[in-house]
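>>> Starting from these lines, generate the structure:
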Amino acid sequence: MSVAKVTEIISSSSKGFDAAVERGIKRASKTLKNITGAWVESQKVVVKDGKITEYRVVMKVTFILKD
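Down below sits the predicted model:
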């Protein structure tokens, strides 16, 4: 039987929400091993002068702990 852990990741991108998710998972993979999934808890945009300048996501990343 395996044991999983969930950690919160906050990531951003100037390109869009999908890019922010990919960036967060890519970075988390450098530190966390055995990532099995993630879900986006919230999304937010930063607006400056009426234009979106940044897309942000808060994700819960699940990974399996080694025995």
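
>>> Now the phi/psi pair for residue 49, please.
Per-residue torsions, residue 49: phi 50, psi 40 (degrees, to the nearest 10).

>>> Distance check, it against residue 18.
To residue 18, residue 49 is 24 Å away according to CB to CB, to the nearest Å. Glycine gets a C-beta too; all of them are placed from N, C-alpha and C.

>>> So which of the two has more stuff around it?
Applying other CB atoms under 10 Å to residue 49 and residue 18 shows that residue 18 carries more neighbours, namely 11 against 5.

>>> I'd like the distance between that one and residue 48.
Distance of residue 18 to residue 48, computed by CB to CB: 21 Å.

>>> go on, residue 4?
Here residue 4 is placed at a distance of 39 Å from residue 48 (CB to CB).

>>> So if I had to pick from these two, which one is more boxed in?
Looking at residue 4 and residue 48 with other CB under 10 Å, you find the greater number of neighbours at residue 4, namely 11 against 8.

>>> Show the contacting residues for residue 21.
Counting by CB atoms under 8 Å, 6 or more residues apart in numbering, residue 21 touches 11, 38, 40, 57, 59.

>>> Select only the buried ones of these in PyMOL?
Entered in PyMOL, the line below selects the buried ones among those, by 16 or more other CB atoms under 10 Å:
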select buried, resi 11+38+57+59
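
>>> Tell me the one of the contacts of residue 21 nearest residue 67?
Residue 67 lies nearest to residue 38 out of these, by CB to CB, at 22.6 Å.

>>> Secondary structure element for the closest one, which one?
Residue 38 is part of strand 35-48 when elements are defined by DSSP states H and E.

>>> quick check: mean pLDDT across that strand?
Mean per-residue pLDDT for strand 35-48: 97.

>>> What ranges does this protein have for its strands?
3-13, 35-48, 51-65 (DSSP state E).

>>> Can you add distance to residue 24 and give those back as TSV?
Below are these laid out as TSV (distance: least, CB to CB, whole Å):
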stretch	distance to residue 24
strand 3-13	3
strand 35-48	8
strand 51-65	6
